[in-house]
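A.B. asks: Following is a predicted model, sequence given first.
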Amino acid sequence: METGIQRLFLSALVLPLALLTSAEHVSAQTESGDQNPGLDRVISPDTKRREIRQAEVDTEDFEIGIFYGVMNVEDFGTNGVGGLRLAYHITEDFFMEANYGITTTRETSFEKLSGSTVILTDDQRDLSYYNLSLGYNLFPGEIFISDKYAFNSNFYIIAGAGNTNFADEEHFTYNLGIGFRLYATDWIAIHLDVRDHVFEHDLLGEDQVINNLEAHAGITFFF
């Protein structure tokens with residue numbers, strides 16, 4: 001009986017001493033920072049951030065420029081054509097465009113074969129036109145020249161109506177076509193266009209609807 005009481009008394013003395021020693025050991029580790037060395041390590045990923053340059057496209061809505069190319073006037077040959085272009089961008093997708101162009105036609109095959117028959121005088125061979133059209137940017141995108149250079153671009157369709165002055169007569173004219181616009185800088189664009197100008201005349205003795213295909217390149221400036 002006495003032995004059991006002694007053991008119980010010794011346990012009551014030893015247990016608090018053990019707990020105190022353990023607490024002091026934990027406190028020493030906390031002060032030295034050795035309790036969890038892994039928490040002090042910060043992982044820094046060795047990655048290089050890519051520099052992103054936003055496209056510098058002018059926010060102005062008006063566009064003005066010149067163009068030059070070739071125009072085939074049905075029955076009157078293919079000749080050089082030049083003109084002016086003025087556009088207003090209504091939204092990112094739609095734009096209005098006004099054009100003025102001029103060319104000089106050649107003799108018809110009939111005139112060349114007959115030798116003496118003249119259908120038009122020299123002044124009457126000048127053809128000029130003006131029109132107003134609505135365009136739609138069909139495929140906006142980018143053209144990559146190299147790893148360092150990328151240019152914004154647009155494929156578009158366009159259609160409209162206007163007037164053609166030919167052989168001292170005015171002809172109501174429809175036009176439709178496709179085009180490609182490349183933004184060389186934030187305020188300069190390069191154009192490649194193909195248009196068809198459709199009107200009716202009776203210069204060869206009977207009414208006929210003719211298609212006059214035009215292909216040209218141009219440069220425009222935003223303002």
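C.D. replies: Here it is on my side, so go on. Numbering: from 1, shown residues only.
A.B. asks: Give the buried residues for the helix or strand encompassing residue 80.
C.D. replies: Assigned by DSSP states H and E, residue 80 belongs to strand 78-89. When burial is assessed from 16 or more other C-beta atoms under 10 Å, strand 78-89 yields the following buried residues: 78, 81, 83, 85, 87, 89. (C-beta placed from N, C-alpha, C; glycine too.)
A.B. asks: Stretch 166-173 now?
C.D. replies: Under 16+ other C-beta under 10 Å, the buried positions of stretch 166-173 are 166, 167, 171, 173.
A.B. asks: got the contact list for the second one?
C.D. replies: In other words, residue 167. 120, 124, 125, 201, 203 (C-beta atoms under 8 Å, 6 or more residues apart in numbering).
A.B. asks: coming back round to it: need the buried residues of stretch 166-173 in a markdown table with pLDDT and secondary structure, can you?
C.D. replies: Shown next, in a markdown table, are the buried residues of stretch 166-173 (pLDDT from 0 to 100; DSSP: H, G, I helix; E, B strand; the rest coil):
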| residue | pLDDT | secondary structure |
| --- | --- | --- |
| 166 | 94 | strand |
| 167 | 90 | coil |
| 171 | 96 | strand |
| 173 | 98 | strand |
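A.B. asks: May I ask which two of the residues you listed are separated the most?
C.D. replies: 167 and 173 (13.7 Å; C-beta to C-beta).
A.B. asks: how is this structure carved up into domains?
C.D. replies: Following automatic domain parsing, one gets these domains for the chain: 2-37, 62-222.
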